[in-house]
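J.: Give me the fold of what follows.
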Amino acid sequence: MKSLNPKNDAASMFQHVRSNMLRGFLYAAFVSFFINFAMLIGPLFMMQVYERVIPARSYETLYGLITIGVFGVILFGILDFIRSWTYAVMADVFARRLNLPALQAGVLRSIQGGAGEGGAVIKDIAELRAFIQGGAISAPIDAFWSIVFLIALYFLHPVYVAVAIIYILVMLFLNFVTDRVTRQAIQDASKAQQRHLQDVANSLRHAEVIEAMGMLPALVRNWRRSQEEMLDMGHVSSVRNRIVVAITKSLQKSLTMIVVATGAFLTLANAVSHSVLFPAMIMTSQAVGPFASMIESWRSWVNAIDSWGRIRLLIEGYENERQTMPAPAGDGDLDIDNLIYMPDGRDTPVLRGISFSVSPGEVLGIVGPSGAGKSTLARCLTGIIKPSMGGVYLDGHSTYLWERGSFGRAIGYLPQNLSLLDGTVRQTIARMRDSDPRDVIRAAQLAGIHELIGRLPFGYDTPVAETGHLMSGGQMQRLALARALYGDPKLIILDEPNSNLDSVGEQALIRAIETCKARGAIVIIIAHRPSVMAVTDKMVVIENGAVAQFGPRTEVISMITPDARSRAESRRRTISNSNMPGEA
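T.: Numbering: from 1, shown residues only. From the prediction side, this is the model:
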């Protein structure tokens, strides 16, 4: 099986994206050259009317100029559409190329505890897509092609070129000032906004707890402080940017007067004809305008650059070590071999050298005190997190390295947090895949929830979001159980599957486990309530991240009963005393 080299793959992907963006940008620049030429039609039309039509009172010349002008305007519209379409294609290519890697990296980042960063990257891609499609990206191209208008102004009179260059230099200086005084403030405001939105989103996910326990006033105060911090930072960047923009607009207004006054002086000196006054004003404004637009759109550019940096940082930090070739699941054992897991930032491992094996058709119960590492072990068994040492192997294949699509069909997982995604009941049970209704109904029947689903407003087509007030916590847990059982997986891991179940629900759970056992599946149960453990064949006791006991259920239970523990402790004390010095 071939595995990805994540660093090289990410670098290659970004190189491909940059190449596509560069080609699109160069094509847009090529089209922009002709757009800027087309923009000369207006000033030239004006000059010809003043010089040829009015003095000669020639209607034929006017009709000819109007025909050429209409053709030029149509050409300008076509070219502008082509450039806009180019930007739209660039934006779509950008989004399509990065959406999936960003989503994969976001999921991994969320697993590692960075849910905010994982979710923000999709927003960053959407904002970059909007930026590429917007007009801000055209400003540097139009600024480059200002040379077209400078050349045209030279043919009118070199003084006009000098005026335009002076204003362009001033605008470039203002661009530099804008960057110096606003970049950091814009970045700080953007980070504060992300923190604020993430705080609100995290809190709203627990709306029922907030309402039930009267936590809203306190949260509102926290939100208000967070919002005020965000608004203060945004206000600083906005004020600085608006000051520079105001100066820029004032200079643009003065440009009109300066050019008209320059034209008047040149006309009085018989250096130019009066017919060039207004065309020169238009061409000078078009030569300087893109540089002023760059100042006004500077905030968009800074945000776009920051978004691109965050996207690269997240995707390039995504270490996809999983195999890419699908692998079918056989009927082999589940082997846990010297499994050690130490999270980042911790000095001691959560799991310490765990080893045991489970065969097809066996049910294993995992018990232990809270914080012993049971749920972490479940996440290692499902391949969610990477073992620090050792590994988990199903039919000889590492559950972590296994290609996720084929592995997903081989496993059923019921986590403590039900994690029901938005979608219909049918989509939820079928894990959002295209499904045979018979397979969905069979999984629901196995979980004992088929009849309840039939009483929902739209049956299996009822949106899960609307079932919150129609189904109890135990019924929602059985819906998640049906999802875990869908497709007859080879390995089924149930983490606290009866935490919300009543006696009827527990009986349905036990029947489901027995059915899976009968067809040869490996079932792992993690539970505190002992009632469901009666169906297990083996048990493993986890204490402080290590295996304290493992074996057949009856033997393990006999060892962990209070009498058995006291007898074992008595034997240990006897052995210890017999080895003390001075005693025979």
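J.: Next, residue 357: secondary structure please.
T.: What DSSP: H, G, I helix; E, B strand; the rest coil gives for residue 357 is strand.
J.: pretty sure residue 178 is touching residue 301, no?
T.: No. Taking contacts as Cβ atoms under 8 Å, residue 178 lies outside contact range of residue 301: 9.8 Å. Every C-beta, even on glycine, is put in place using the N, C-alpha and C of the backbone.
J.: Which one's more surrounded, these two?
T.: residue 178 (24 against 20; other Cβ atoms under 10 Å).
J.: List the residues that contact the more buried one.
T.: Applying Cβ atoms under 8 Å, 6 or more residues apart in numbering to residue 178 gives the contacts 241, 244, 295, 298.
J.: And stretch 522-542, how far out from the chain middle?
T.: Distance of stretch 522-542 from its chain centroid, counting by Cα atoms, centre = their mean, to the nearest Å, is 37 Å.
J.: Stretch 262-270 now?
T.: Distance, centroid of stretch 262-270 to centroid of chain: 60 Å (Cα atoms, centre = their mean).
J.: Enumerate residues external to it that contact any of its residues.
T.: Here stretch 262-270 has contacts from 157, 159-160, 163, 272-274, 276-277, 280-281, using Cβ under 8 Å, 6+ apart.
J.: Please name the spatially closest residue to residue 435 (chain neighbours excluded).
T.: residue 426 (6.9 Å; Cβ to Cβ, 6 or more residues apart in numbering).
J.: isn't that neighbour right next to residue 439, touching?
T.: No. At 10.3 Å, residue 426 does not count as touching residue 439 under the criterion of Cβ under 8 Å.
J.: The two: who's more crowded?
T.: residue 426 (19 against 15).
J.: so who does the more buried one touch?
T.: Each residue near residue 426 by Cβ under 8 Å, 6+ apart is listed here: 435, 437, 440, 460-461.
J.: Who wins on neighbours among those?
T.: Neighbour counts for the contacts of residue 426 (other Cβ under 10 Å) peak at residue 440, which has 23 neighbours.
J.: I'd like the distance between the nearest residue to that one once chain neighbours are set aside and residue 451.
T.: With sequence-adjacent residues excluded and distances taken as Cβ to Cβ, 6+ apart, residue 440 is closest to residue 429, at 5.0 Å. Distance check for residue 429 against residue 451: by Cβ to Cβ, to the nearest Å, it reads 14 Å.
J.: Might you list the low-confidence residue ranges for the stretch 1-150 of the chain?
T.: 1-10, 110-119 (pLDDT under 70).
J.: And the strands in this structure?
T.: Taking DSSP state E as the criterion, the chain carries its strands at 334-341, 351-358, 363-367, 389-394, 397-398, 411-414, 491-495, 522-526, 538-543, 546-552.
J.: can you redo these as CSV with distance to residue 123, mean pLDDT and mean neighbour count?
T.: Putting those into CSV (distance: least, Cβ to Cβ, whole Å; pLDDT from 0 to 100; neighbours: other Cβ atoms under 10 Å) gives the following:
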stretch, distance to residue 123, mean pLDDT, mean neighbour count
strand 334-341, 32, 92, 19
strand 351-358, 35, 92, 18
strand 363-367, 39, 92, 24
strand 389-394, 35, 92, 19
strand 397-398, 34, 90, 20
strand 411-414, 28, 92, 24
strand 491-495, 31, 93, 25
strand 522-526, 35, 93, 24
strand 538-543, 40, 91, 21
strand 546-552, 43, 90, 16
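J.: Tell me which of these approaches residue 96 most closely.
T.: Closest approach to residue 96 among the strands of the chain is made by strand 411-414 (29.7 Å; Cβ to Cβ).
J.: Show me the contact partners of that closest one.
T.: Contact with strand 411-414 is made by 378, 382, 399, 477, 480-481, 483-487, 489-495, 497, as judged by Cβ under 8 Å, 6+ apart.
J.: roughly how far is it from the heart of the chain?
T.: A distance of 25 Å separates the centroid of the chain from that of strand 411-414, by Cα atoms, centre = their mean.
J.: Parallel or antiparallel, which strands does that strand pair with?
T.: Here strand 411-414 has these sheet partners by DSSP bridges: strand 491-495 (parallel).
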